[in-house]
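Asks: Kindly generate the corresponding structure for this input.
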Amino acid sequence: MAAIDRFILLVRDMRRNQRGMAVATALIAMTVAFSFASAAVVYSVNTQHGTVRDHNSKEAIAAADAGANVALMRMNQFSKAVSTATPCTGVSGSLLVVAKAEADGWCPQLTGTVGKATYSYRVGPTTTACSSSTSCVVAVGTSNGVSRRIEVTLGTSTVGGAFSNAGVIGDEDITLSNSANIRVGVGTNGNVSLTNNASICGDIRRGVGKKITFTNNSSQCSGYVQTEGNETLPPVSSFMPSNIATENSNYRLVKCTSTNVPSGCQSDSYSKSWGTTVPWNATTRTIEPAQNSTLTLSGGDYFICKLNLGNNAHLIMGATATVRIFFDTPENCGAKAGSTWEPIVVQNNADITSSGYQPSAGKFSVPGLYVTGSTSIASKISFSNNSGSNQFVLYAPNSNLYFENNATYKGAIAGKTIYFTNNAKVEQDSGFKAPQLGGSTIYARQSYVECTGATASPPNASC
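Replies: Have a look, this model is predicted:
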């Protein structure tokens, strides 16, 4: 019986030992399962973090793109108001205003929100800031601490290019005589008349129902065509900055009362002594350098009444400048009804040239002369007894233009009626393109790139 009892006890012990093994096995299984579950949870959390960051990154790039679009919209909205002196859009209180560029050449930073993200942007208003592009926008978008930065380069065009099909344009008749020679396309809503060895080497557009006449050995060079049609010359006011009366470069012509007083005085170079002659009359708003002198304009937009050059006086646009001279209306300059207003007189070997006009280097910068004129007061512009070459764009749709005696004019010319006589010559060097006038500047995207990093100096570094 003792042996049987010991056997029974042994079996009972084995049963108890198997129960212990089962518990251990269950614990091990639970631990393994928990590990797998934990790994799944960690993976899920990491995945969710990555998804959130990816979402924030996408929101940031979308916000940056929205900022660039806002900048583009504002640039088109303010294109008539800006000038070379104030080329930017800024903020005054809660209002958008035109503003100067900051010390680094970029416009002030503007900010905004889109959804739960924010954006900031800066505009590079010049090719100096934006490499070869006309202008550019660098925008930074931020969403929950994640930032993305982009650069959008912009090109420009205008509504209606007045000089797109011709280099000499008249609203009414164009007349050439006595060996006058035009070597660009000609267009007018009136008649075209050539006489006494005058010639046109370019296409000719006459007005509807008008005529082209050649007499006394005058001619059109072979290979060019004649067409009929009318085109409208837009008024100067359609592209003249709206704040030109208060934001202009006239201060550069003011004689200093003491060293650098008033601010910016005598900034334009003048070969004569400012102590004895002054090229600017602020009362009559007339630029009139002394005879045998040279005045170099290096500002931006000037707003004047008259330009008088005579007796070997020379007006030069500086090599790095973009000079536009806008002429106020005769009424605002004191002209009387029934009189003839003469906003530009260039005579006796005086000339207008540009240091930035270098065709061999592919540079064709010339000053622009934009004469508002009047529909009720006659306006006359004359270039006479000149020699050598002049380089400019002259746009005066309400003025009668006279070019006489030997000089060569390189650029583009538009007026009401136009007269060329006595060997006066107009031409354009290969590669020259006149500005497209006729409305506000329109900006459009040219390229889009993402930059490295959220911020940089300059703003478009690493783009």
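Asks: contacting residues around Asp301?
Replies: For Asp301, the contacting residues are 83-85, 241, 244, 247-249, 324-326, by CB atoms under 8 Å, 6 or more residues apart in numbering. Every C-beta, even on glycine, is put in place using the N, C-alpha and C of the backbone.
Asks: Could you give the bridge partners of it?
Replies: Assessed by DSSP bridges, Asp301 has beta-bridge partners Arg324.
Asks: cool, the one 5 residues further on as well?
Replies: Partner residues in beta bridges with Lys306, using DSSP bridges, are Thr286.
Asks: just checking, it touches Thr284?
Replies: Yes: using CB atoms under 8 Å, Lys306 is in contact with Thr284, at 6.8 Å.
Asks: higher neighbour count, those two?
Replies: Counted by other CB atoms under 10 Å, Lys306 and Thr284 do not tie: Lys306 has more neighbours, with 18 against 12.
Asks: Assign the residue nearest to Ile381 when sequence neighbours are not counted to helix, strand or coil.
Replies: What sits nearest to Ile381 in space, not counting adjacent residues and going by CB to CB, 6 or more residues apart in numbering, is Ile344, at 4.4 Å. The three-state label given to Ile344 by DSSP: H, G, I helix; E, B strand; the rest coil is strand.
Asks: mind listing what's buried in stretch 68-80?
Replies: Buried residues in stretch 68-80, counted by 16 or more other CB atoms under 10 Å: 68-72, 74-76, 78-80.
Asks: okay, that stretch in CSV with CA atoms only?
Replies: Provided in CSV are the C-alpha atoms of stretch 68-80 (Å, rounded to 0.1, in the frame of the first residue of the first chain):
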residue,chain,number,x,y,z
ALA,A,68,3.1,84.6,-54.3
ASN,A,69,-0.3,84.9,-55.9
VAL,A,70,-1.3,87.7,-53.6
ALA,A,71,1.9,89.5,-54.4
LEU,A,72,1.2,89.1,-58.1
MET,A,73,-2.3,90.4,-57.7
ARG,A,74,-1.1,93.5,-55.8
MET,A,75,1.6,94.2,-58.3
ASN,A,76,-0.9,94.3,-61.1
GLN,A,77,-3.3,96.3,-59.0
PHE,A,78,-0.7,99.0,-58.2
SER,A,79,1.3,98.9,-61.5
LYS,A,80,0.1,102.4,-62.5
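Asks: So what are the structural domains in this structure, by residue number?
Replies: What the record gives for the chain is the domain set 68-159+443-450, 168-436, from automatic domain parsing.
Asks: how about those domains, which one is nearest Glu59?
Replies: Closest approach to Glu59 among the domains of the chain is made by domain 68-159+443-450 (3.7 Å; CB to CB).
Asks: for that closest one, how far is the first residue from the last?
Replies: In domain 68-159+443-450, first residue to last residue: 12 Å (CA to CA, to the nearest Å).
Asks: State the mean pLDDT of it.
Replies: Averaging pLDDT along domain 68-159+443-450 gives 87.
Asks: so where do the helices sit in the protein?
Replies: Using DSSP state H, the helices assigned to the chain run over residues 2-77.
Asks: Give me the longest strand you can find in it.
Replies: Identified as the longest strand of the chain according to DSSP state E is strand 389-404.
Asks: and that one, which strands flank it?
Replies: Taking DSSP bridges as the criterion, strand 389-404 sits next to strand 368-371 (parallel), strand 378-384 (parallel), strand 408-421 (parallel) in its sheet.
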